[in-house]
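# Would you be able to build a 3D model of this:
(2 chains)
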Amino acid sequence: EDKVVQSPLSLVVHEGDTVTLNCSYEVTNFRSLLWYKQEKKAPTFLFMLTSSGIEKKSGRLSSILDKKELFSILNITATQTGDSAVYLCAGKSNTGNQFYFGTGTSLTVIP
Amino acid sequence: KAGVTQTPRYLIKTRGQQVTLSCSPISGHRSVSWYQQTPGQGLQFLFEYFSETQRNKGNFPGRFSGRQFSNSRSEMNVSTLELGDSALYLCAIPRGGGTARNTEAFFGQGTRLTVV
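A predicted model of the protein is given here:
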């Protein structure tokens, strides 16, 4: 059964801290691993990773994929209150457009 | 900006009723997927429609059904509502319009369904 597991389930940090969110996956015919940020309603896209060891970076956020260990991490440096959200990880297979989502990590950044 | 419009935004129904939710992707997007999001289960795939045909289906009971029209608009129907159907229902389109498999999903704002 395809599944994606995220850890921790929730996290509370202070502004300026660095956080690492974890995602492990088991997806048949794996194609890509995606990260989303969800603040209120619609998840918004952050990264898509298809190759191992290649870091993707956007400002203070970065992510990397390990296809051997079936694992990905999302790093956020110098966290801000605006980073407070649920971060979702999703695996995608080669068949169809279906995504397998984890239950998310709820991040709270306090001033 | 690529868009997906979902209506209604909020809905309250009673057990046993049925409900129809709507999703309108921007023109040219032939693939529409539906997801259910609950606190305990996270985002779970319901089904995908591509050019009016159901292409993929998740593990949901037959009470959950959908369809897609020739203008790409999609509807999702839930019959005989149960309390556990209370959730955020999200509609998503692939950035590539269904022709590019290696692409991210773009989500609508969702419909918050509450069953009482």
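# wait, B:Ser70 sits on B:Glu52?
Yes - here B:Ser70 lies in contact with B:Glu52, judged by Cβ atoms under 8 Å, at a distance of 6.3 Å. Heads up, the C-betas are built off the backbone N, CA and C, glycines and all.
# And these two? Which one has more around it.
Neighbour comparison, B:Ser70 and B:Glu52: the larger count goes to B:Glu52, with 13 against 7 (by other Cβ atoms under 10 Å in any protein chain shown).
# Who are the contact partners of the closest residue to the more buried one other than its chain neighbours?
Computed as Cβ to Cβ, 6 or more residues apart in numbering or on different chains, the closest residue to B:Glu52 that is not its neighbour in sequence is B:Gln68, at 4.8 Å. Counting by Cβ atoms under 8 Å, 6 or more residues apart in numbering or on different chains, B:Gln68 touches B:32, B:49-53, B:74-75.
# filter those residues to the buried ones?
B:32, B:49-50, B:74-75 (16 or more other Cβ atoms under 10 Å in any protein chain shown).
# Which members of the residues you listed are positioned in strands?
Counting by DSSP state E, the buried ones among the contacts of B:Gln68 place B:32, B:49-50, B:74-75 in strands.
# Strand partners (parallel or antiparallel) of the helix or strand bottoming out on mean pLDDT in chain A?
Least confident helix or strand, chain A: strand A:99-101 with a mean of 93, by mean pLDDT, DSSP states H and E. Partners of strand A:99-101 in the sheet, by DSSP bridges, are strand A:85-93 (antiparallel).
# And the partner strand, how far out from the chain middle?
Offset of strand A:85-93 from its chain centre (Cα atoms, centre = their mean, to the nearest Å): 5 Å.
# hmm, back to that, give me the distance between the residue nearest to B:Glu52 and B:Glu75.
8 Å (Cβ to Cβ, to the nearest Å).
# Repeat that for A:Glu15.
For A:Glu15, the distance to B:Glu75 - Cβ to Cβ - is 44 Å.
# Quick check: which ranges of chain B have low pLDDT?
For chain B, applying pLDDT under 70 flags the ranges B:1-2, B:96-102.
# what sits against the spatially most central residue of it?
Compute the mean C-alpha point of chain B, and by Cα atoms, centre = their mean the closest residue is B:Trp34, 2.9 Å away. B:Trp34 sits next to B:23, B:45-48, B:66, B:74, B:76, B:89-92 when contact means Cβ under 8 Å, 6+ apart.
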